[in-house]
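Chemist: Output the structure for:
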Amino acid sequence: MDASGTDGWMRRRELLATLGSAGTVALAGCSSTSDADVGEASDREVPPPSVETGDRWELVTPDAEPRLLRTGSAGPVDYAAVGHVRRYEDARLRGRVAEATFGEIDRPFAVAFAARVDVFPSTLSAATGFLSDEIDAAVRENLADAMDEFGVRNVGEAGTRSVPDAPVEEVTVVRGEYPIPEVTVDGVEIPHSDAEQFTFGGGTLPIEGVAGRWKSDGSILAGGGVYPAENYVDGETVALSDAISMEVTVDLRLEPDRVESRVLEFVRGVSA
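Modeler: Numbers count the residues shown, from 1 in each chain. Below you'll find the predicted structure:
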């Protein structure tokens, strides 16, 4: 993604020195002021955020560590913001699409994250207020970075959205486009035809990302995800004879509304 397309609201990588693997939509973490630089692993004990995942969301960052997010001063007191982030993938959606496309499309179509940031010393609760704007910027920056890593292009801000019955009143929304590569499926049997393969793909799939943060029992929590904004349908015309042809249709049945609902339900389930 070209960072110039998001000037004015996403100053990429200014706050965070590190970012996890593809789809890590989150805060990058934190450490103490004495033993680490921003972005490095921390010796502070910040537990990972908790989230109800069921059997759909698969943890893909089991070795995630707390990292140093930010250091600063509030009057005479020095503080450090330390964060822990976990990323998840909708494994059932990925598996279904892979099976339906004979293994030709095997990639994540929806990812989600949960993050927790604690400020030390813990008595300095005012620091969480000082950091609010910077935390919001970090969430937005990492959401854009994650969509970039996810393969999304032309990412741009799309305002905010309210989330009913969630700890965060609104989430930031960004949108972009994911290029769908052309795929050739070999070894298929098409009745009344000598054709043994068909090709589909090309074009783009609209992608949406959401992220938000809130305070809970002295910690800052964040959650969000990236998911398809539309279904993907394509097809190819196969000639059976000089007079007869048939359309082979590929419908990934991504069910964007249901996937979005699952991501928002994930956000509702994030806790300290």
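
Chemist: Do you have the strands of the chain handy? List them.
Modeler: In the chain, the segments counted as strands under DSSP state E are 57-59, 67-74, 77-90, 111-120, 153-162, 170-179, 183-186, 197-200, 204-216, 219-228, 233-239, 245-251.

Chemist: For the last one, which outside residues touch it?
Modeler: Outside strand 245-251, the residues that touch it by C-beta atoms under 8 Å, 6 or more residues apart in numbering are 101, 190, 193, 198, 200, 231-240. (C-beta placed from N, C-alpha, C; glycine too.)

Chemist: Buried ones only from these, please, as a PyMOL command.
Modeler: Filtering those down to the buried ones (16 or more other C-beta atoms under 10 Å) takes a single PyMOL command:
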select buried, resi 101+193+198+200+232+234+236+238
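
Chemist: ok, the contacts of strand 245-251 vs Leu254, which is closest?
Modeler: Nearest to Leu254 out of the contacts of strand 245-251 is Asn231 (C-beta to C-beta; 4.8 Å).

Chemist: excluding its backbone neighbours, what's nearest that closest one?
Modeler: Leu254 (4.8 Å; C-beta to C-beta, 6 or more residues apart in numbering).

Chemist: Is the one you found in contact with Ile105, as I believe?
Modeler: No - assessed by C-beta atoms under 8 Å, Leu254 is found out of contact with Ile105, at 11.0 Å.

Chemist: got any residues that touch both of the two?
Modeler: In contact with both Leu254 and Ile105: Val97, using C-beta under 8 Å, 6+ apart.

Chemist: ok, Gln197 - how many residues close by?
Modeler: 12 (other C-beta atoms under 10 Å).

Chemist: Likewise for Arg253?
Modeler: 11.

Chemist: Please report the distance of it from Pro121.
Modeler: Separation of Arg253 from Pro121 (C-beta to C-beta, to the nearest Å): 51 Å.

Chemist: residues in contact with the residue nearest to Asn231?
Modeler: Leu93, Val97, Phe109, Pro228, Glu230, Asn231, Tyr232.

Chemist: Quick one: low-confidence residue ranges for the stretch 51-200 of the chain.
Modeler: Scanning the stretch 51-200 of the chain for pLDDT under 70 picks out the ranges 74, 122-136, 138-142, 145-146, 187-188, 190-196.

Chemist: Which one of the strands of the chain lies nearest to Arg262?
Modeler: The nearest among the strands of the chain, by C-beta to C-beta, is strand 77-90 at 7.0 Å.

Chemist: now that closest one against strand 219-228, angle please.
Modeler: Relative orientation of strand 77-90 versus strand 219-228 (axes from the mean of the first three to the mean of the last three C-alpha atoms, to 10 degrees): 30 degrees.

Chemist: I'd like to know which elements strand 77-90 is packed against.
Modeler: Secondary-structure packing of strand 77-90 (3 or more C-beta pairs under 8 Å, 6 or more residues apart in numbering; DSSP states H and E): strand 57-59, strand 67-74, strand 111-120, helix 256-268.

Chemist: Tell me which residues of that strand come out buried.
Modeler: Buried residues in strand 77-90, defined by neighbour count with 16+ other C-beta under 10 Å: Tyr79, Ala80, Ala81, Val82, Gly83, His84, Val85, Arg86, Arg87, Tyr88, Glu89, Asp90.

Chemist: and of those residues, the nearest to Phe113?
Modeler: Arg87 (5.0 Å).

Chemist: Surely that closest one touches Ala110?
Modeler: No - using C-beta under 8 Å, Arg87 makes no contact with Ala110, being 11.7 Å away.

Chemist: rewinding a little: adding distance to Thr160, write the buried residues of strand 77-90 out as a markdown table.
Modeler: What follows is the buried residues of strand 77-90, written out as a markdown table (distance: C-beta to C-beta, whole Å):
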| residue | distance to Thr160 |
| --- | --- |
| Tyr79 | 28 |
| Ala80 | 29 |
| Ala81 | 23 |
| Val82 | 27 |
| Gly83 | 22 |
| His84 | 25 |
| Val85 | 22 |
| Arg86 | 24 |
| Arg87 | 23 |
| Tyr88 | 23 |
| Glu89 | 25 |
| Asp90 | 23 |
